[in-house]
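>>> next input, structure requested:
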Amino acid sequence: MKPYSYKNLFDLQGKTAVVTGALGILGKNFCRGLAEFGADVAVVDLDQQNTEAFAEELTDKYGIKSIGVACDVSSPESVASMVERVSEELQGINILHNNAASKSKDLDAFFAPYEEFSIDQWRDIMSVNIDGMFLVSQAVGKQMIKQGKGGSIIQTSSIYGIVAPDNRIYEGSYYLERTINTPAVYSASKSSVIGLTKYLATYWAPYGIRVNSLVPGGVQSGQNETFVGRYSNRVPMARMAQPEEMVGALLYLASDASSYVTGQQIVVDGGLSVW
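Sure, this is the predicted structure:
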């Protein structure tokens, strides 16, 4: 009898992964991790030229197949076209990382106080952060059912999808040369991701499709020292995360290492949510 290989549980060779929001700070690291473990990767984001360039980078570095696909996840037509193209060019879809999220091009409107937050801005963010999750998971889920081989869907939530932000950490805090906060629409949308994940985990379990949420804590990405210090003081590990520290959890959820895990939230937050 051949010895059981635990290492091989993480092997993604022969599988195709779709990553939305692939050009973001975390998205690129997620794509690199999946490619390094052998998956062919569809790099999905808004800009066709940049998705193609990053896909070429993945192919050159890791020797896997990768394509760049421009897609507006809030558009049913765009999502349907993306799934059709990926399925044809990369021979199906086995892994979906539903990772796209929006923080708005109008930062003044996005960071407005709750009492002044506009319904148009609320709907604009929700159209990506939760409507996009619905549309992409729906289209990819249909494809996975059609293939009849199961699959793994990972949906990115946020620490502020499971706990409320401590607004005291934003006093004197800056990011991209402006004051910041966490608006209610972000928390509400990321909480919704967890609800959708639990629903789909039970709904698609008969088809062998596992659905889980990845819940990142705060990632250091250019915030000023005041913010980094205040946030870190709220974390038992006393620091913010680095982008690459989210990848291990994704690989676990994407691979057969988590074959009996569904409907769960994997929280990678340095312990912030424990306090």
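
>>> ok, the spatially most central residue of the chain to Ile119 distance?
Nearest to the geometric centre of the chain sits Asn99, at 2.5 Å (C-alpha atoms, centre = their mean). Separation of Asn99 from Ile119 (C-beta to C-beta, to the nearest Å): 26 Å. (C-beta placed from N, C-alpha, C; glycine too.)

>>> residue boundaries of the helices in this protein?
For the chain, the helices defined by DSSP state H occupy 25-36, 48-62, 76-89, 107-110, 119-129, 131-147, 184-203, 225-232, 247-254.

>>> so which of those gets nearest Arg210?
helix 184-203 (6.9 Å; C-beta to C-beta).

>>> sorry, back to before: going by mean pLDDT, which of the helices of the chain comes out lowest?
Among the helices of the chain, helix 107-110 has the lowest mean pLDDT, at a mean of 90.

>>> how much space between Ala109 and Arg123?
To Arg123, Ala109 is 12 Å away according to C-beta to C-beta.

>>> between those two, who's got more neighbours?
The neighbour comparison of Ala109 against Arg123 (other C-beta atoms under 10 Å) goes to Ala109, with 17 against 11.

>>> skip the chain neighbours and tell me the closest residue to the more buried one.
Gln121 (4.5 Å; C-beta to C-beta, 6 or more residues apart in numbering).

>>> and Ala254, by the same measure?
Nearest to Ala254 is Ile95, by C-beta to C-beta, 6+ apart, at 4.8 Å.

>>> what about the residue nearest to Ala109, neighbour count?
Gln121 has 18 nearby residues by other C-beta under 10 Å.

>>> thinking again about what came up before, show me what contacts the residue nearest to Ala254?
Contacts for Ile95 were tallied using C-beta atoms under 8 Å, 6 or more residues apart in numbering; they are 12, 15-18, 34, 39, 151-154, 254.

>>> surely Arg230 touches Ile169?
Yes. With contact defined as C-beta atoms under 8 Å, Arg230 reaches Ile169; the gap is 3.9 Å.
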